[in-house]
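[1] I'll drop the sequence and a predicted model, then ask my questions.
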Amino acid sequence: MELRKAVRPYLKEHVHIGLSGGPDSLALVAAVLAEKSQVTAICIDHNLQAGSAEVTHNAAAMARHMGAQAIVKSIEVAPGEGMEAAAREARYAAFAQLTDEIWVAHTMDDQAETYLLGGLRGNPAGMKDASRRPELSIIRPLLGARRAHTHGACVELGLKPWHDPQNFDDAFRRVAIRNQVIPLLAQVHGGDPVPGLALAARRAVEDAEVVEGDVEKRRLEWQDGFPVALAGEPTGLRRRMLADFLRGEGIAVSSRKLAAIDRLLTDWRGQGGVAVGKSDNGRLEVVRQSGKLKITD
């Protein structure tokens, strides 16, 4: 019942759900079907683990057994650093080929873990109930529900979810936070730390939305280079403006890169440009010239 309540504010006649076959996404499919909406489950095979094709097809079969439609899509993820992020980007790109809105089954527990992970990178942040990527809206109706609810729903309904072996491998930072850090925080806190962490994540999202609204209103100011005059803006706003400027030029943004570029504004001593990528002609740099930051190659 908790999950059915959670999905009601977002319901449409037809919903597309990303289904891994795990307990969270299976429970989400079941909750939406129980509310009488049509469901198409999109099952992505990332081809990163042995037997992944079987897992994906089994997930699709379970969805069909529950009364949903199901699509299986196989994708390739380039190996290397940041595999989790690369897999996520490839997965959302695949979703965007099939629908303009996807529901995913992130829970309050996922929100708490995301907040802690972001804090380790110097950017504590949370996930939005609804967010937008190019060509794809992402709906997260279960951010107020607990992982215990989704697992319990699967038991109650007799569903047999797939349990990703990587979710038991503490070599993955998120898994270590789940299995080691959060239980330790529970001991220190004297209770469940997840609701408080999730609330902090939501407040971070709300604060970010205010700043992002300001950035969107002022985007024309850096359409032809980023004005040095914006150095006097508050640090948080200025850095989000810089990030928007870089993304508008197709440049990936990192905290380290952003800090170095910010120094071209706030600690100008005639230093050289900041490398931000590569082009056909060589290295892309952000340089300060004629009262603006510009990208050159």
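    The structure has been received and is ready for your questions.

[2] switch to C-alpha atoms for all contacts and neighbour counts from now on
    Will do.

[3] tell me which stretches of the stretch 151-297 of the chain form helices.
    Under the criterion DSSP state H, counting those that start in this stretch, helices of the stretch 151-297 of the chain are mapped to 173-176, 182-189, 194-217, 235-248, 255-266.

[4] average model confidence for the second one?
    It stands for helix 182-189. Here helix 182-189 scores 98 as its mean pLDDT.

[5] and it, what does it pack against?
    If you count contacts as 3 or more CA pairs under 8 Å, 6 or more residues apart in numbering; DSSP states H and E, helix 182-189 packs onto no helix or strand.

[6] how distant is it from the center of its chain?
    25 Å (CA atoms, centre = their mean, to the nearest Å).

[7] pull it out as PDB, backbone CA atoms only.
    Only the C-alpha atoms of helix 182-189 are listed here, as PDB (Å, rounded to 0.1, in the frame of the first residue of the first chain):
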ATOM      1  CA  ILE A 182      25.100   3.700   7.200                       C
ATOM      2  CA  PRO A 183      25.100   0.900   9.900                       C
ATOM      3  CA  LEU A 184      27.900   2.700  11.700                       C
ATOM      4  CA  LEU A 185      26.000   6.000  11.500                       C
ATOM      5  CA  ALA A 186      23.000   4.300  12.900                       C
ATOM      6  CA  GLN A 187      25.100   3.300  16.000                       C
ATOM      7  CA  VAL A 188      26.500   6.800  16.400                       C
ATOM      8  CA  HIS A 189      23.100   8.500  15.800                       C
END
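
[8] so where's the stretch 1-150 of the chain shaky on pLDDT?
    79-81 (pLDDT under 70).

[9] show me where it has strands.
    Under the criterion DSSP state E, counting those that start in this stretch, the stretch 1-150 of the chain contains strands at 14-18, 38-45, 69-74, 101-103, 130-133, 136-139.

[10] which one of those lies closest to residue 280?
    Ranking the strands of the stretch 1-150 of the chain by proximity to residue 280 (CA to CA) places strand 130-133 first, at 27.0 Å.

[11] now do the buried residues in the closest one.
    Under the neighbour-count criterion of 16 or more other CA atoms under 10 Å, strand 130-133 has nothing buried.

[12] what of stretch 5-16?
    For stretch 5-16, by 16+ other CA under 10 Å, it's 6-7, 15-16.

[13] which outside residues touch that stretch?
    The contact list for stretch 5-16, computed with CA atoms under 8 Å, 6 or more residues apart in numbering, reads 31-32, 35, 37-42, 99, 101-103, 141-142, 144-145.

[14] filter those to the buried ones?
    Judged by 16+ other CA under 10 Å, buried ones among the contacts of stretch 5-16: 31-32, 37-42, 99, 101-103, 141-142, 144-145.

[15] and this protein, what are its domains?
    Domain ranges of the chain: 2-168, 220-296, per automatic domain parsing.

[16] spatially central residue for the protein, please.
    residue 127 (6.5 Å; CA atoms, centre = their mean).

[17] okay but that one is in contact with residue 203, surely?
    No - at 10.5 Å, residue 127 and residue 203 do not qualify as touching, with contact defined as CA atoms under 8 Å.

[18] out of the domains of the chain, deepest packed?
    domain 2-168 (a mean of 18; mean count of other CA atoms under 10 Å).

[19] list the residues that contact residue 109.
    Contacts of residue 109 by CA under 8 Å, 6+ apart are 146-147, 194, 198.

[20] just residue 103 next, same as before
    For residue 103, the contact set (CA under 8 Å, 6+ apart) comprises 15-18, 138-141.

[21] that one bridge partners, please.
    Using DSSP bridges, the bridge partners assigned to residue 103 are residue 17, residue 139.

[22] ok, it to residue 14 distance?
    11 Å (CA to CA, to the nearest Å).
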